[in-house]
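**Student:** Structure, please.
(one chain, ligands or ions: 1)
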Amino acid sequence: MLQLDGITKSFGDRLAVDDVSFTVGGGRLTGFVGGNGAGKTTTMRIILGVLGSDAGTVNLNGAPLDAAGRRRFGYMPEERGLYPKMRVHEQLVYLARLRGVRAADAAARADELIDRLELTERRNDPVEKLSLGNQQRAQIAAALVHDPDVLVLDEPFSGLDPMAVETVLGVLSEFAARGVPVLFSSHQLDVVERLCDDIVVIGGGRILAAGSRDDLRERNAGSRWELTVDGDAGWVRTATGVQVIEFDGDHVVFDADPASAQAVLQRATSTDSVQRFGRRRPTLTEIFREVVQ
Ligand SMILES: Nc1ncnc2c1ncn2[C@@H]1O[C@H](COP(=O)(O)OP(=O)(O)OP(=O)(O)O)[C@@H](O)[C@H]1O
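**Tutor:** Below is the predicted model:
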């Protein structure tokens, strides 16, 4: 488990990261989301030791992280850092060797990742000749080639087409399934919502929300409800204490206090067959809008 506690960092008089604490559990895919300038990259750089913090600690499995521990990290920095003229396979082997992987293992591992990330036909091309999406795949392979114990990836999905997102997701999920903590930042909230176990929301350098995806959605469920009946649900629009948000024939989404919502349910059961009734859990985009203000 990767644990951040009280991480704080200023650049001059700008407080970029303010008392940030959260954990990335082993085997958990954790999405790190926040607007531009929220503090994601700064936090990730501090985790990797690329940048020092003014205060706070980063622990791995209960012990402070040191240089040896960080060598076992897979890091994809915001500033992509492959050698443009080096060929994809050669480059991956080189990076694996730098991190202490034996030559034969490095070559095999590079080939495996090239295949998994669907770069087989680009294996011997110089990186600068690849499309941006394929460069991104190569960058992801570079972060994984030494079979890291922890993954910290800054925007791994940016610039990838939907098929490539699925491919990369598959690879990251395999790491998580082996117990590796995986932290990645993303502006693609739909991707984060779909695949993450845990979500950390940062804004203005502070943690605004953190927890499992399902808990966050439950905690932010508020007073929104949805009802689907066999028939026309139009009458809900005139029910007492109800504000209809969406209406589509047999389906209605509305805001109401619990008593008014129960009254709607009672009337629905007495007139129609109820297909579905319950609290409407917000999407991550809705939660994000709510907490980042
Ligand atoms: N080297 C630096 N010198 C001065 N200010 C910096 C430096 N790095 C980051 N900042 C500032 O710290 C704040 C947090 O930036 P950071 O890059 O961590 O945000 P981010 O969440 O990664 O944003 P984005 O999604 O736009 O990449 C911003 O106000 C940024 O301008």
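**Student:** Can you show me the strands along this protein?
**Tutor:** 2-11, 14-24, 29-33, 55-60, 63-64, 73-76, 150-154, 182-185, 198-203, 206-212, 224-230, 243-248, 251-255, 273-279 (DSSP state E).
**Student:** Tell me how far the most centrally placed residue in the chain lies from Glu79.
**Tutor:** Residue closest to the average C-alpha location in the chain (Cα atoms, centre = their mean): Gly31, at 2.1 Å. For Gly31, the distance to Glu79 (Cβ to Cβ, to the nearest Å) stands at 21 Å. Quick note: C-beta positions are derived from backbone N, CA and C, even for glycine.
**Student:** Out of the strands of the chain, the one nearest Leu48 is which?
**Tutor:** With Cβ to Cβ as the criterion, Leu48 lies closest to strand 73-76 of these, at 5.0 Å.
**Student:** Which elements pack onto the closest one?
**Tutor:** Packing partners of strand 73-76 (3 or more Cβ pairs under 8 Å, 6 or more residues apart in numbering; DSSP states H and E): helix 40-48, helix 132-144, strand 150-154.
**Student:** now that strand: mean pLDDT?
**Tutor:** Strand 73-76 shows a mean pLDDT of 94 in the predicted model.
**Student:** partners of that strand, with directions?
**Tutor:** Note on strand 73-76: by DSSP bridges, its sheet partners are strand 150-154 (parallel).
**Student:** Any chance of CSV for the strands of the chain, columns distance to Pro162?
**Tutor:** Formatted as CSV, the strands of the chain follow (distance: least, Cβ to Cβ, whole Å):
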stretch, distance to Pro162
strand 2-11, 29
strand 14-24, 26
strand 29-33, 17
strand 55-60, 33
strand 63-64, 40
strand 73-76, 20
strand 150-154, 18
strand 182-185, 17
strand 198-203, 21
strand 206-212, 25
strand 224-230, 28
strand 243-248, 26
strand 251-255, 27
strand 273-279, 29
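**Student:** any chance of the ones you listed in CSV, plus distance to the ligand?
**Tutor:** Output for the strands of the chain, formatted as CSV (distance: least, Cβ to the nearest ligand atom, whole Å):
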stretch, distance to the ligand
strand 2-11, 3
strand 14-24, 3
strand 29-33, 8
strand 55-60, 15
strand 63-64, 22
strand 73-76, 13
strand 150-154, 7
strand 182-185, 7
strand 198-203, 7
strand 206-212, 11
strand 224-230, 29
strand 243-248, 30
strand 251-255, 31
strand 273-279, 31
